[in-house]
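Enquirer: sequence first, predicted coordinates after that:
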Amino acid sequence: MLSRPKNRRKQNERRKWRLRLPTLDLRRWAVTGASLAGICAAVGVVMWALDQPIETVSASGRFQRVSPVDVEQAVKQRVRHSGLVSVDLDAVRKAIEALPWVDTVSVSRAWPRGLHVSVVEQVAAARWGTNGLLNTRGELFVNDARHVPLELAQLWGPEGTENLVAQRYLASQRRLAENGLRLTALRLDARGAWEMDLANGVSVRLGRRQVDERFERFVTTAGKLVSQRPNDIVYIDMRYTNGFAVGWRGAAARRDDGGRDG
């Protein structure tokens, strides 16, 4: 007689897993939290001890155009209610950079109760219009200067063309200096035409087209004539396809515009 098999779990029956979570050691966390709180408190005490009132401000720089008194006043306005640690160095820097003739500024802490300020002044490369000044990067940094260095070349142009005119001036003056000529004025009119004045009183008309090529042609050809006979020449007109025209002093104003192309 056959015996019945014992009951067995079906093979496809899902197994039950017990997930064992790690036991939290509350005492360890309590100790860690207390340690962090102690560290934070210690840092706070150190920061409070270091955040002393600012008593001295030292400054370095050439200070030919920038007044040290103005720099001092700009710093005082930003550190009046701040300590050495809490002071906003970026705000101090921006306040000094807003002063006339200031180009770049760096501000650093001087422990235990001071600040050090380093100031670099603007370098004027040319005049802009009547009383404006451009730096060596072609940036207009003063719109209405009280004292304008008259020895600087005077540049003119429509609003927003300061950098364009300045870059052409800087490139042109170097090229002219190589040939014994000096540029005293450069103008860009509303139509886009260029004209420059030389120190010997001669004007050079470059027009609107192929300005670089015309300028180079002036330097290599007409420049020699201008150097030899400056007192006889009023202007040189380079707006011709082949060659140039000369405006002579004391002579009748006769122009042959047949070959000029603008």
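Expert: Here it is on my side, so go on.
Enquirer: OK, contacts around the residue lying closest to residue 192 once chain neighbours are set aside?
Expert: Using C-beta to C-beta, 6 or more residues apart in numbering and skipping residues adjacent in sequence, the residue nearest residue 192 is residue 208, 4.6 Å away. Quick note: C-beta positions are derived from backbone N, CA and C, even for glycine. Neighbour list for residue 208: 191, 192, 193, 194, 262 [criterion: C-beta atoms under 8 Å, 6 or more residues apart in numbering].
Enquirer: in the stretch 151-262 of the chain, which spans are strands?
Expert: For the stretch 151-262 of the chain, strands defined by DSSP state E, counting those that start in this stretch occupy the ranges 154-156, 183-188, 194-198, 203-207, 233-237, 245-248.
Enquirer: which other helices and strands does the first one contact?
Expert: Just to be clear, that refers to strand 154-156. When contacts are defined as 3 or more C-beta pairs under 8 Å, 6 or more residues apart in numbering; DSSP states H and E, strand 154-156 packs onto strand 124-128, helix 162-177, strand 183-188.
Enquirer: what residues of that strand count as buried?
Expert: Across strand 154-156, burial judged by 16 or more other C-beta atoms under 10 Å covers 154, 155, 156.
Enquirer: picking up where we left off before, pLDDT value on the residue nearest to residue 192, please?
Expert: For residue 208, the pLDDT comes out at 96.
Enquirer: and it, how far is that from residue 195?
Expert: To residue 195, residue 208 is 11 Å away according to C-beta to C-beta, to the nearest Å.
Enquirer: what helix or strand is residue 70 on?
Expert: helix 68-79 (DSSP states H and E).
Enquirer: from residue 137, how far off is residue 165?
Expert: Computed as C-beta to C-beta, the residue 165 to residue 137 distance reads 13 Å.
Enquirer: for these two, work out which one has more neighbours and name it.
Expert: Between residue 165 and residue 137, counted using other C-beta atoms under 10 Å, the more crowded position is residue 165 (21 against 14).
Enquirer: residues in contact with the closest residue to that one other than its chain neighbours?
Expert: For residue 165, ignoring the flanking residues on the chain, the nearest one in space by C-beta to C-beta, 6+ apart is residue 157 at 4.3 Å. Counting by C-beta under 8 Å, 6+ apart, residue 157 makes contact with 164, 165, 187, 188.
Enquirer: which one among those gets closest to residue 69?
Expert: Residue 69 has its nearest neighbour among these in residue 165, at 34.6 Å by C-beta to C-beta.
Enquirer: so where's the chain shaky on pLDDT?
Expert: 1-51, 251-262 (pLDDT under 70).
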